[in-house]
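**Q** Please find the sequence and the predicted model below.
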Amino acid sequence: AIHGGRDPVSDRMLSCESPGLRNCATFEEFLEIYKRHLRRFIETQAKYEVYLYEAIGKIHPFMMVTMLYDGCVRKGRGIFDGGCEYLAGTVELYGNVDAANSLASIKKLVFEEKKLTADELTAALDSNFVGHEKERKMMMDVPKYGNDDPFVDDIMQELHNYLCATVKEQAAKVGLKSYLCVNINNAQNTTLGRWVGATPDGRKSGTPMSNANNPASGTDKCGLTAMLNSIVKLSHDNHAGMVQNMRFTKDTWDNPKTGLIVEDYFRRGGAHAMITVVGKE
């Protein structure tokens, strides 16, 4: 979206052509352009999901799985060959938090405080911040998701709801019973990050994106309570699953207050916690 549909890593058009960041007069105008690119990829991915089901279904009947799904035995057809009564799908999302943090940087630095022009920000990204260390520091100092700061958390909420709603509405268009998004942790945030250029949150080109629905590494600096306050703001009734990774030292985990904080997180609507206790042992 910053480059008008051109991917700066491969230097080719990867989406529909649009005005770039330098052509936008307001943050809201740029946000709508960014959403336009998201919708294009979401719509394409939904069509691809159905294509995969149909192509695979013609090749392989998946007999054991077929026997376990409603409709297949009655129709005498394989699960992906028209047999499944409730054929649904999901799309995995990565980098949501990086995107929200980046949008926050653009909003604050380019449009509100005007500390950077669109060209200056773009130049810093295109050079992977080499020679633009000052600009990178400015981007990294903008509020980040995971610190209970409404400036960026509100952007994250809007992005989250837009993604979930846009994915969900594709089901009826492509003939699936449901189509929902998931934001999960399976190392793809690292693998796919290798093909993502530098981002306006200060993340360097090729480095990992945020892990699932968690704050980007090293950016949650206000403690566990603030981090959970940010996470619990996101709706948990409009998607098929979001992962919340939480890592504790043994001393922190053994503190009785930690258990109370986690219990409170679930009482306030938290839907998941993947807890790891780390240490030399």
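**A** Alright, I've got the coordinates.

**Q** in the longest helix along the chain, what's buried?
**A** Secondary structure of the chain read by DSSP state H shows that its longest helix is helix 27-59. Going by neighbour count (16 or more other C-beta atoms under 10 Å), the buried part of helix 27-59 is 27, 30-31, 33-35, 37-39, 42-43, 45-46, 49-50, 53, 57. Just so you know, the C-beta spots here come from the backbone N, C-alpha and C atoms, and that holds for glycine as well.

**Q** Could you pull up the residues touching the most centrally placed residue in the chain?
**A** For the chain, the residue sitting closest to the mean C-alpha position, by C-alpha atoms, centre = their mean, is Asn96 at 2.4 Å. Contacts here follow C-beta atoms under 8 Å, 6 or more residues apart in numbering; on that basis Asn96 touches Met156, Leu159, His160, Leu163, Asn183, Ser210, Asn213.

**Q** So which residues of the stretch 1-150 of the chain form strands?
**A** 6-7, 12-13, 89-92 (DSSP state E, counting those that start in this stretch).

**Q** quick one: which of the ones you listed is nearest Phe111?
**A** For those, proximity to Phe111 was assessed by C-beta to C-beta; strand 6-7 is nearest, at 21.8 Å.

**Q** From the contact counts, what lies against that closest one?
**A** strand 12-13 (3 or more C-beta pairs under 8 Å, 6 or more residues apart in numbering; DSSP states H and E).

**Q** The strand it packs on - contacts with which helices or strands?
**A** Short answer (3+ C-beta pairs under 8 Å, 6+ apart): strand 12-13 packs on strand 6-7.

**Q** ok, now which ones touch Ser217?
**A** If you count contacts by C-beta under 8 Å, 6+ apart, then Ser217 has Pro208, Ser210, Asn211 around it.

**Q** Torsion angles phi and psi at it?
**A** phi -50, psi 130 (degrees, to the nearest 10).

**Q** Tell me, how many residues neighbour Asn245?
**A** 16 (other C-beta atoms under 10 Å).

**Q** again, but for the one 3 residues further on
**A** As a burial measure, the neighbour count of Phe248 was computed by other C-beta under 10 Å and equals 17.

**Q** partners of the helix or strand harbouring it in the sheet?
**A** Assigned by DSSP states H and E, Phe248 belongs to strand 245-249. Sheet pairing of strand 245-249 (DSSP bridges) gives strand 274-278 (parallel).

**Q** Now do the strand it pairs with, average pLDDT.
**A** Strand 274-278 comes out with an average pLDDT of 92.

**Q** residues in contact with it?
**A** Residues from elsewhere that reach strand 274-278 (C-beta under 8 Å, 6+ apart): Asn185, Val243, Gln244, Asn245, Met246, Arg247, Phe248, Thr249, Lys250, Trp253, Val262.

**Q** Recalculate using a threshold of 10 Å.
**A** 185, 211-212, 214, 243-254, 258, 262 (C-beta atoms under 10 Å, 6 or more residues apart in numbering).

**Q** Separate out the buried members of those residues.
**A** Buried among the contacts of strand 274-278 (16+ other C-beta under 10 Å): Asn185, Asn211, Ala212, Asn214, Val243, Gln244, Asn245, Met246, Phe248, Trp253, Thr258, Val262.

**Q** Tabulate the CA atom coordinates of the strand holding Phe248 in PDB.
**A** Extracted C-alpha coordinates of strand 245-249, given in PDB (Å, rounded to 0.1, in the frame of the first residue of the first chain):
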ATOM      1  CA  ASN A 245       1.600 -16.800  23.700                       C
ATOM      2  CA  MET A 246       2.800 -16.000  27.200                       C
ATOM      3  CA  ARG A 247       6.300 -16.700  28.600                       C
ATOM      4  CA  PHE A 248       7.200 -16.400  32.200                       C
ATOM      5  CA  THR A 249      10.200 -16.900  34.400                       C
END
